[in-house]
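[1] Pasting the sequence and the predicted model now:
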Amino acid sequence: MKTGPTVSKTPATVITGFLGAGKTTLIRSLLEQAAGRRLALIINEFGDVGIDGEILRACGDPTCAEDDVIELANGCLCCTVADDFVPAIEKLLARPQPPEHIIIETSGLALPKPLVQAFHWPAIKTRVTVDGVVAVVDAAAASEGRFAPDPAALAAQAAEAGQLDHETPVEEVFEDQLLCADLIVVNKTDLVDATALAKVEDIIRGALSRDAKILRASNGHVDPLVLLGIGAAVEDDLANRPSHHDEEEGHDHDDFTSFVVDLAPQPDPAALVKRLEQVAAAHGVLRLKGFIDVPGKPMRLLVQGVGVRVQSHFDRLWKPDEPRRSRLVVIGETGLDRDAVTAALG
């Protein structure tokens, strides 16, 4: 019996990783190496103000065109599948020249498994496949014990007490991202030595329940041939990707909070960075990011902080019709004192 032509599905790659791991930097590097391949981006952030999409649009590469970036600043794609995610996919597929590959950057607090489950929705099930899930890990943060203590310390604790302490919300999100991954990119390797890097990879292997390739990277630079074309069809393999939240009906992000702080123009970037480091240390801030107006400078200052590590650089010229505002997105665990942080930053 003669069959009809096979309709190939558009591959999608999910880029996950905890706050500040370097997902946006990795995607920017990927775009710079696209070599004419039509890529489209769906960017999701935790909080109401999107920073990552702005960073990607500022890269100056034709692959970062405005129409190629869909930004959904609603906190969690998988919680708004019908309203946001599926329509975004359909919009991309309906273009005269649809993308050859879709890159989805999740929020740093997102659980990738529920998002992959969304690819079973009838509107996109026959049209898109999840080529692979890539988890990005901040080597410096992991080596400092931000996500899990040293495996030897865990073993000692278990031997002494007979059980381990309940995992923190940060650990659970970090592990869920690893457990769903086909490829784990240990990023920021330039910030750690060989001993710390080995420790990070031990932490990762200790969290995994199946084999996943681990790749080292600096500044998010990874060969596109490694990232794209994994061919995992992840949506059909979810049973092999356990999660801390498998028994839950849906999930929420009540463990974390996000708010925006508006600042006055900042004439001294170095002093600002120092103040941000002090505030992050004093209040347990997980993530800081935003754009700053430096008087007398034609370019906007991009500020990014992971814990107490804060970096800044001028990323592009302010546009003629663009208001020169200084705004920071602050993310932390629930209970973070918004008033105290705002006052300290002011």
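    Cool, got the structure.

[2] Assign a three-state SS to residue 202, would you?
    At residue 202 the chain is in helix, as set by DSSP: H, G, I helix; E, B strand; the rest coil.

[3] And it, how far from residue 216?
    As judged by Cβ to Cβ, to the nearest Å, residue 202 and residue 216 stand 14 Å apart. From N, CA and C alone the C-beta is placed, and that goes for glycine too.

[4] so what's the most centrally placed residue in the chain up against?
    Geometric centre of the chain, nearest residue: residue 108, 4.2 Å, by Cα atoms, centre = their mean. Residues near residue 108 by Cβ atoms under 8 Å, 6 or more residues apart in numbering: 17-21, 23, 46, 287, 331.

[5] which helices and strands sit right next to the helix or strand residue 195 falls within?
    Assessed by DSSP states H and E, residue 195 sits inside helix 194-207. Under the contact criterion of 3 or more Cβ pairs under 8 Å, 6 or more residues apart in numbering; DSSP states H and E, helix 194-207 touches helix 139-143, helix 151-161, helix 169-179, strand 183-187, strand 213-216.

[6] mind running it again at 7 Å?
    Counting contacts by 3 or more Cβ pairs under 7 Å, 6 or more residues apart in numbering; DSSP states H and E, helix 194-207 is packed against helix 139-143, helix 151-161, helix 169-179, strand 183-187.

[7] got the CA positions of stretch 98-107 in PDB?
    Extracted C-alpha coordinates of stretch 98-107, given in PDB (Å, rounded to 0.1, in the frame of the first residue of the first chain):
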ATOM      1  CA  PRO A  98       9.500  28.900   9.500                       C
ATOM      2  CA  PRO A  99      12.500  28.300  11.700                       C
ATOM      3  CA  GLU A 100      14.700  25.300  11.100                       C
ATOM      4  CA  HIS A 101      15.200  24.900  14.800                       C
ATOM      5  CA  ILE A 102      13.500  26.500  17.900                       C
ATOM      6  CA  ILE A 103      15.600  27.300  21.000                       C
ATOM      7  CA  ILE A 104      13.600  27.600  24.200                       C
ATOM      8  CA  GLU A 105      15.400  29.300  27.200                       C
ATOM      9  CA  THR A 106      13.500  28.500  30.400                       C
ATOM     10  CA  SER A 107      13.400  30.600  33.500                       C
END
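
[8] quick one: buried residues of it?
    99, 101-107 (16 or more other Cβ atoms under 10 Å).

[9] likewise stretch 327-337?
    Buried, per 16+ other Cβ under 10 Å, within stretch 327-337: 328-332, 336.

[10] still on that earlier bit, which ones among the contacts of residue 108 map onto helices?
    Secondary structure from DSSP state H places residue 23 of those in helices.

[11] can you redo the contacts of residue 108 as JSON lines with distance to residue 84 and pLDDT?
    Converted to JSON lines, the contacts of residue 108 look like this (distance: Cβ to Cβ, whole Å; pLDDT from 0 to 100):
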{"residue": "17", "distance to residue 84": "21", "pLDDT": "92"}
{"residue": "18", "distance to residue 84": "22", "pLDDT": "89"}
{"residue": "19", "distance to residue 84": "21", "pLDDT": "85"}
{"residue": "20", "distance to residue 84": "24", "pLDDT": "85"}
{"residue": "21", "distance to residue 84": "23", "pLDDT": "90"}
{"residue": "23", "distance to residue 84": "19", "pLDDT": "90"}
{"residue": "46", "distance to residue 84": "14", "pLDDT": "58"}
{"residue": "287", "distance to residue 84": "22", "pLDDT": "88"}
{"residue": "331", "distance to residue 84": "20", "pLDDT": "87"}
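
[12] wait, which of the buried residues of stretch 327-337 is closest to residue 267?
    residue 328 (16.4 Å; Cβ to Cβ).

[13] ok so, going back, closest to residue 209 among the buried residues of stretch 98-107?
    residue 106 (20.4 Å).

[14] Quickly note the distance from the closest residue to the closest one other than its chain neighbours to residue 97.
    Once flanking residues are discounted, residue 106 sits nearest to residue 16: 4.8 Å by Cβ to Cβ, 6 or more residues apart in numbering. Using Cβ to Cβ, residue 16 is found at 28 Å from residue 97.

[15] lowest-confidence helix or strand of the protein?
    helix 151-161 (a mean of 51; mean pLDDT, DSSP states H and E).

[16] Residue 108 versus the closest residue to residue 309 other than its chain neighbours, what's the distance?
    Distances taken as Cβ to Cβ, 6+ apart place residue 140 nearest to residue 309, at 6.9 Å, with adjacent residues excluded. The gap separating residue 140 from residue 108 is 15 Å, by Cβ to Cβ.

[17] what about the spatially closest residue to residue 174 that is not a sequence neighbour, neighbour count?
    Excluding the flanking residues, the one nearest residue 174 by Cβ to Cβ, 6+ apart is residue 147, at 4.1 Å. Counted with other Cβ atoms under 10 Å, residues neighbouring residue 147 total 25.

[18] Run through the residues that contact residue 147.
    18, 170-171, 174 (Cβ atoms under 7 Å, 6 or more residues apart in numbering).

[19] Would you mind checking which of the residues you listed is nearest to residue 296?
    Nearest member of the contacts of residue 147 to residue 296, counting by Cβ to Cβ, is residue 18, at 36.1 Å.

[20] and that closest one, how many neighbours?
    27.

[21] how about the helix holding residue 195: buried residues?
    Those would be 196-197, 199-201, 203-204, 207, for helix 194-207 by 16+ other Cβ under 10 Å.
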